[in-house]
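J.: Mind looking at a prediction? Sequence and model below.
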Amino acid sequence: MDKYTDPSRKMLAILLWGLIILLPLTVLAEETPVMVIEAAKSAIEQARKAGAEQHAMDDLSAAKSWLSLADKTYEAANSIMARVSTAKMKRAREEEVIYLATMAKAKALTAEAKAKKQTTAVKLKETQKDLADYQSAIAVMREKLQEAEGAKEIQAKAEAERKHLEESQRMADEIEARKRKELEEVQRKTAELESLKQREVREGRLKEEKLIAERERETTQAKLMEAQVGAQRTKEAQEIRAKEEKFAVEKEKMAVMEAKLQALEQEKAMLIAAGKIPKVTAKAGDKKIIMTILTIDLFTSASDLTLTGKKILDGVGDFLKTYPDSKVLTRGHTDSRGKTEANQTQSEKQAQKVREYIVAYQNVSPGRVTAEGVGSAQPIATNASETGRALNRRVEMIVLIGEP
């Protein structure tokens, strides 16, 4: 498996692009609308040069569409009427322009990546064909080389036979010389052993006398050592208990670290899986995965689930079945138009309908899923424009990690 087909690299690429798209607007707001628009234009041009018109036309078209919206919004923000607006309204328009241009840049980057990937795949196929041709040429050369080696092998065998005869004669001469030398060595060692035996007899008597004195001394030392060993064993037992206690503490810490690592791995896998669901935007929170679905993709004007919305929730249901130990909170949101009480009622109704569909048609346990509505209290974009309001009208599926 090479670097172009490795699934782990594909998943990493998807995660990186997801993080780019989900950058908070508070960070992007550090740039001016003009800077972000120019950056989006540059990204679109780079994508076009990379071949996106042939290999990623949908993403390139989306990027151009977002950029067009950003240009129009910027022109509107700089009109005569907009110049007399309050600072707060101007800032809201700038944030809207920055958001639209950022989306255009993200789509352009996606188009460029897809085009480069397609180009790389074509080059890889060409390289593999060249490699196959090269290997065929090597096979032909090896056959010719084997024919030449056959002639050399016959000549080498004759030369080896001659050298073997010479080596046998040399070894026979060495064996004869070694036997003569070994005989002389045996005679010398016999004389040395006789002399050694006589010396050992004399030394044996002296050793016996020393042994008696040594035993008496050892008896005295043994009694002293017995007392010292007892004290040492007590000390060693205390040290062993201390080490065992320390090991138990370290083992407990290791278990906590392993549990955290497993939770992080599960969070990563869940985030990737959630990001693959069509029309669902996923991000990681503190021990939770937040999946956001725009209301326009789920409901009709009468807050009834559309066919597209049901397909989206089918994908969410499959995701929840893959992680059956996690609880889910379905939370409805609206924009700020209309009365607060009506918005609250509508958000609760939409959240409850999503919960009912997941439970009834995806066989998710009712005890796992709860629903609530917060009305317009938690916007994620400005309510001063239709684009911002569309983003605020949403349903969030909050999957709690590690809470059965």
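T.: Structure's in. What do you need?

J.: need the helix or strand of the protein with the lowest average pLDDT.
T.: When each helix and strand of the chain is scored by mean pLDDT, DSSP states H and E, helix 25-28 comes last, with a mean of 42.

J.: Run the chain-centre distance for stretch 61-79.
T.: Relative to its parent chain, stretch 61-79 has a centroid offset of 37 Å by C-alpha atoms, centre = their mean, to the nearest Å.

J.: average model confidence for it?
T.: In this model, stretch 61-79 has an average pLDDT of 88.

J.: quick one: the closest residue to residue 340 other than its chain neighbours from residue 56, how far?
T.: In this structure, residue 340 finds its nearest non-sequential neighbour in residue 375, 6.2 Å apart by C-beta to C-beta, 6 or more residues apart in numbering. For every residue, glycine as well, the C-beta is placed using N, CA and C. Counting by C-beta to C-beta, to the nearest Å, the separation of residue 375 from residue 56 is 39 Å.

J.: can you check residue 198 too?
T.: According to C-beta to C-beta, residue 198 and residue 56 sit 102 Å apart.

J.: In terms of neighbours, single out the busier of the two.
T.: Taking neighbours as other C-beta atoms under 10 Å, residue 198 and residue 56 compare with residue 56 leading, 25 against 9.

J.: Tell me which residues touch the more buried one, please.
T.: For residue 56, the contact set (C-beta atoms under 8 Å, 6 or more residues apart in numbering) comprises 47, 110-112, 114-115, 118.

J.: Take those residues and write them to JSON lines, including secondary structure and neighbour count.
T.: Below are the contacts of residue 56 laid out as JSON lines (DSSP: H, G, I helix; E, B strand; the rest coil; neighbours: other C-beta atoms under 10 Å):
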{"residue": "47", "secondary structure": "helix", "neighbour count": "28"}
{"residue": "110", "secondary structure": "helix", "neighbour count": "22"}
{"residue": "111", "secondary structure": "helix", "neighbour count": "29"}
{"residue": "112", "secondary structure": "helix", "neighbour count": "25"}
{"residue": "114", "secondary structure": "helix", "neighbour count": "20"}
{"residue": "115", "secondary structure": "helix", "neighbour count": "24"}
{"residue": "118", "secondary structure": "helix", "neighbour count": "16"}
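
J.: nearest to residue 37, of those?
T.: Closest approach between the contacts of residue 56 and residue 37, by C-beta to C-beta: residue 47, at 15.7 Å.

J.: Let me know whether residue 330 touches residue 369 as I believe.
T.: Yes - using C-beta atoms under 8 Å, residue 330 is in contact with residue 369, at 6.3 Å.

J.: Find residues that contact each of these two.
T.: Common contacts of residue 330 and residue 369 (C-beta under 8 Å, 6+ apart): 355, 358.

J.: Look at the two and report which has more neighbours.
T.: Neighbours per residue (other C-beta under 10 Å) separate residue 330 from residue 369, with residue 330 holding more: 23 against 19.

J.: what kind of secondary structure is the more buried one in?
T.: strand (DSSP: H, G, I helix; E, B strand; the rest coil).

J.: Check it and give its pLDDT.
T.: pLDDT recorded at residue 330 is 98.

J.: With the one 4 residues further on instead?
T.: Model confidence at residue 334, given as pLDDT, is 97.

J.: what about it, how many neighbours?
T.: By the measure other C-beta under 10 Å, the count of residues near residue 334 is 27.

J.: That one contacts residue 391, doesn't it?
T.: No - counting by C-beta under 8 Å, residue 334 does not reach residue 391; the two are 11.7 Å apart.

J.: bridging residues for residue 305?
T.: residue 299 (DSSP bridges).

J.: From residue 248, how far off is it?
T.: Relative to residue 248, residue 305 is positioned 55 Å away (C-beta to C-beta).

J.: okay, the two: which has more neighbours?
T.: Under the neighbour definition other C-beta under 10 Å, residue 305 and residue 248 were set side by side, and residue 305 has more, 18 against 10.

J.: which ones are touching that one?
T.: Shown in contact with residue 305 (C-beta under 8 Å, 6+ apart): 298-299, 313, 353-354, 357.

J.: phi, psi of residue 372?
T.: phi -160, psi 160 (degrees, to the nearest 10).

J.: wait, doesn't it sit right on residue 333?
T.: No - with contact defined as C-beta under 8 Å, residue 372 and residue 333 do not form a contacting pair (10.5 Å).

J.: ok, those two, which is more surrounded?
T.: Using other C-beta under 10 Å, the more surrounded residue of residue 372 and residue 333 is residue 333, with 26 against 14.

J.: That one reaches residue 383, doesn't it?
T.: No - using C-beta under 8 Å, residue 333 makes no contact with residue 383, being 11.4 Å away.

J.: count of residues packed around residue 391?
T.: As a burial measure, residue 391 scores 20 neighbours (other C-beta under 10 Å).
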